[in-house]
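Visitor: task: produce atomic coordinates for the following.
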Amino acid sequence: MSEKQLLVLRSALQVVAAGAIGALVFGIGIAWIVGASFAGGSAGFVAVLVMVTVLTGALRGLAWALPDASNLTATPSGRTGWALTVAVAGTLAWYLATVVYAQVQPEVMRNPMFALPRSAIPTALVAALLLRRWYVKPAPRCSRWPRPTGC
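Guide: Here you go, the predicted model:
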């Protein structure tokens, strides 16, 4: 495999793994949040913080395993920043999607077949937004005269 193909494969693996981690953490975290909400007080808020902390730790491990898929994951502090960005923005996107689905299509919320994709997609989208720009190849400038080769 060429270097570019390996980078594409690692990038796709990072996005899919981030989605899977998000689906697992949100799937388990929902039970914690609902149970803590019934406990009263600030237990629901603490449960959300615990869920985001677990998600950040798992994503930091993913960033450590695939450091070349994103520009942010090149350094240890960048890996932590990438993990925090994906965890917080993924959690906010997941919450927004849940609120929208509950209002617009409540049958999606009741169907357990959609629980994992609904939890995985926001985290995977945030991770995909932070990928390295491997797909951009700048075109040669062809406005000069005489035209350079490749125009």
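Visitor: give me the element residue 30 is part of.
Guide: helix 3-39 (DSSP states H and E).
Visitor: list the contacts for residue 84?
Guide: Neighbouring residues of residue 84 by C-beta atoms under 8 Å, 6 or more residues apart in numbering: residue 56. (Glycine included, C-beta is placed from N, CA and C.)
Visitor: and it, how far is that from residue 48?
Guide: From residue 84 over to residue 48 the distance is 15 Å, taken as C-beta to C-beta, to the nearest Å.
Visitor: what do you get for residue 69?
Guide: 28 Å.
Visitor: show me which of the two is the more surrounded one.
Guide: Set side by side, residue 69 and residue 48 show more neighbours around residue 69, with 27 against 17, by other C-beta atoms under 10 Å.
Visitor: go ahead and name everything in contact with stretch 86-104.
Guide: Residues from elsewhere that reach stretch 86-104 (C-beta under 8 Å, 6+ apart): 18, 22, 26, 48, 51-52, 55-56, 59, 108-109, 118-119, 121-123, 125-127, 130.
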